[in-house]
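Q: whatever this is, show me its structure:
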Amino acid sequence: MQFITDISQLDTATKHFSSHEEYSVEFFHIYSDENISERHIKSLEYLGELQKTWSFPYSRIVLIDDYNPDEKIIGVEEIIAYLDANSMHPDYFAYESDLINNANILLESIRDAKTYRSYTKYIQHHNKYPCSLLTASWYLTRLGYLDSTTVIRTTHKSDNPYTASKRLINILPDYYQPIEKLANQLILKSSYSAASDRIEDLFYSVDH
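A: Numbering: from 1, shown residues only. A predicted model of the protein is given here:
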């Protein structure tokens, strides 16, 4: 997994990949209990600039976190309408709560006993799955290591069901870095360790 904090580095970092390998590009990560804010607008701005330089095929995808919030104030229809209005229609979207089954599969694939115990104790104690486990599951789902059929949904403008991507790009606020590093460590300690090299994180600075 690469962690890139300078937007100008991303095109250079991806030049060694085949132009025939399609990327799944995550952007506009949003919680179901929040309104659209500067953080989301910056994500669109970054993606807009990057798309001008990319020569490889890619699809756009949005993850809606409905697992952690206790309430819902924004829905997928409103999110997609906003992205449509800004010429950033996603091809696919998913709800984080649909990742639980895949998270359990990933958990059972962890080869490091200490890490396995740590995660299972956390789940038992909090009655909740940690963000790093769900994040790692999300990436493995998009790459096709875990089943995407009950997780990733097409939008109303997309006729094609999701197929596994060869590479991932994730456009995220810079304060997500600690979770991303934990997710990467988890992947490396699992049976899916080879997936780590297929994931690119691009972080942008935003007030938190």
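
Q: where in this structure is pLDDT low?
A: 1-19, 157-158, 208 (pLDDT under 70).

Q: quick one: the strands in it, in order.
A: Secondary structure of the chain (DSSP state E): strands at 2-4, 23-26, 30-31, 58-65, 92-95, 152-154, 167-173, 199-204.

Q: and the fifth one, what does it pack onto?
A: Counting contacts by 3 or more Cβ pairs under 8 Å, 6 or more residues apart in numbering; DSSP states H and E, the secondary-structure elements packed against strand 92-95 are strand 58-65, helix 76-85, strand 152-154. Just so you know, the C-beta spots here come from the backbone N, C-alpha and C atoms, and that holds for glycine as well.

Q: picking up where we left off before, between the strands of the chain, which one is nearest to residue 44?
A: Between residue 44 and the strands of the chain, the shortest separation by Cβ to Cβ is 9.1 Å, and it involves strand 167-173.

Q: would you mark the buried spots in stretch 97-110?
A: Within stretch 97-110, the residues that count as buried by 16 or more other Cβ atoms under 10 Å are 98-99, 102-103, 105-107, 109-110.

Q: ok, those residues vs residue 119, which is closest?
A: Closest to residue 119, out of all of the buried residues of stretch 97-110 and judged by Cβ to Cβ, is residue 107, at 6.0 Å.

Q: the nearest residue to that closest one once chain neighbours are set aside: what's it in contact with?
A: Once flanking residues are discounted, residue 107 sits nearest to residue 119: 6.0 Å by Cβ to Cβ, 6 or more residues apart in numbering. Residues near residue 119 by Cβ atoms under 8 Å, 6 or more residues apart in numbering: 107, 110, 130, 133, 186.

Q: quick check: the closest residue to residue 173 other than its chain neighbours vs residue 115, distance?
A: What sits nearest to residue 173 in space, not counting adjacent residues and going by Cβ to Cβ, 6+ apart, is residue 206, at 4.9 Å. Distance of residue 206 to residue 115, given as Cβ to Cβ, to the nearest Å: 30 Å.

Q: and residue 73, by the same measure?
A: Counting by Cβ to Cβ - residue 73 and residue 115 are separated by 35 Å.

Q: do residue 37 as well
A: 34 Å.

Q: the more surrounded of these two?
A: residue 115 (16 against 11; other Cβ atoms under 10 Å).

Q: surely the more buried one meets residue 188?
A: No. The pair residue 115 / residue 188 is not scored as a contact, 9.9 Å apart, by Cβ atoms under 8 Å.

Q: test my guess that the residue nearest to residue 173 contacts residue 41.
A: No. The pair residue 206 and residue 41 fails to qualify as a contact (Cβ under 8 Å) at a distance of 9.4 Å.

Q: now do the contacts for residue 154.
A: By Cβ under 8 Å, 6+ apart, the contact list for residue 154 reads 91-92, 160-162.

Q: okay, and the beta partners of it?
A: On DSSP bridges, the residues paired with residue 154 through beta bridges are residue 92.

Q: can you tell me how far it is from residue 120?
A: Distance, residue 154 to residue 120, by Cβ to Cβ: 34 Å.

Q: and for residue 96?
A: 20 Å.

Q: comparing those two, which residue is more hemmed in?
A: residue 96 (24 against 13).

Q: who touches that one in this structure?
A: 63-68, 134, 138.
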